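Student: just to be clear, the model below is a prediction. Sequence and coordinates:
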Amino acid sequence: MVADPIFSQKFIDSNLLPYLTKKFNKNQKQPHLAEIKCKWHGNFLYFIACYKNAKIKINHFDCEEKFARLEYQENNKFSVAYFRHTGQWFNLNYNNGVSLRECFKMILEWPHLQPIGF
């Protein structure tokens with residue numbers, strides 16, 4: 001099963017968003033995680049966290065940050081990486097790729113593969 005954007009977005013909507021997003025708080029001073037989306041670029045599927053400032057009532061996101069990356073290798077296997085504070089991607093499985101289901105499980109369970117800010 002190759003990761004198509006619709007399948008990946010369903011995973012985000014049904015698993016990541018309910019678990020990671022908080023209810024909107026008007027008194028919150030810092031931007032909060034408002035949405036998570038995915039985007040293909042070449043062989044890479046990026047998971048992007050969208051943050052919104054509670055003080056600004058404009059319908060756009062203040063900041064978008066990539067927090068996890070899946071790299072398609074072959075035979076429906078993916079390499080999983082997270083974005084480090086150094087500005088570099090760090091691969092968690094170098095030699096062998098893992099299935100898409102395993103990638104999604106890793107994103108749910110490993111804090112390194114989740115967006116910051118909660």
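Tutor: Thanks, I have it. Source: prediction; values computed, not measured.
Student: so where do the strands sit in this structure?
Tutor: Ranges of strands in the chain, per DSSP state E, are 32-41, 44-52, 63-72, 78-83, 89-91.
Student: deepest of those, which one?
Tutor: Ranked by mean neighbour count under mean count of other CB atoms under 10 Å, the strands of the chain are led by strand 78-83, which reaches a mean of 22. For every residue, glycine as well, the C-beta is placed using N, CA and C.
Student: low-confidence ranges in the protein?
Tutor: 1-7, 18-31, 54-62, 94, 117-118 (pLDDT under 70).
Student: for the residue at minimal distance from the centre of the chain, which non-adjacent residue is closest in space?
Tutor: Centroid-nearest residue in the chain, with CA atoms, centre = their mean: Phe47, separated by 3.1 Å. In space, and not counting its chain neighbours, Phe47 is closest to Ala68: 4.2 Å by CB to CB, 6 or more residues apart in numbering.
Student: just list whatever residues bridge to the one you found.
Tutor: As for beta bridges, Ala68 partners with Phe47, Tyr82 under DSSP bridges.
Student: OK, contacts around it?
Tutor: Tyr46, Phe47, Val80, Ala81, Tyr82, Phe83, Ile107, Leu113, Gln114 (CB atoms under 8 Å, 6 or more residues apart in numbering).
Student: how far off centre is stretch 38-57?
Tutor: 7 Å (CA atoms, centre = their mean, to the nearest Å).
Student: just the C-alphas of it, formatted as CSV.
Tutor: Listed next in CSV are the C-alpha coordinates belonging to stretch 38-57 (Å, rounded to 0.1, in the frame of the first residue of the first chain):
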residue,chain,number,x,y,z
CYS,A,38,0.7,15.9,4.9
LYS,A,39,2.4,16.8,1.6
TRP,A,40,4.4,14.8,-0.9
HIS,A,41,7.6,16.1,-2.3
GLY,A,42,9.5,13.7,-4.5
ASN,A,43,9.9,10.4,-2.5
PHE,A,44,9.2,12.1,0.8
LEU,A,45,5.8,12.4,2.6
TYR,A,46,6.0,15.2,5.1
PHE,A,47,3.8,15.7,8.1
ILE,A,48,3.3,19.4,8.8
ALA,A,49,2.0,21.0,12.0
CYS,A,50,0.1,24.2,11.5
TYR,A,51,0.0,26.6,14.5
LYS,A,52,-2.4,29.4,15.1
ASN,A,53,-2.1,32.5,17.3
ALA,A,54,-5.1,32.8,19.7
LYS,A,55,-4.8,36.6,19.8
ILE,A,56,-5.2,37.1,16.0
LYS,A,57,-8.6,36.5,14.6
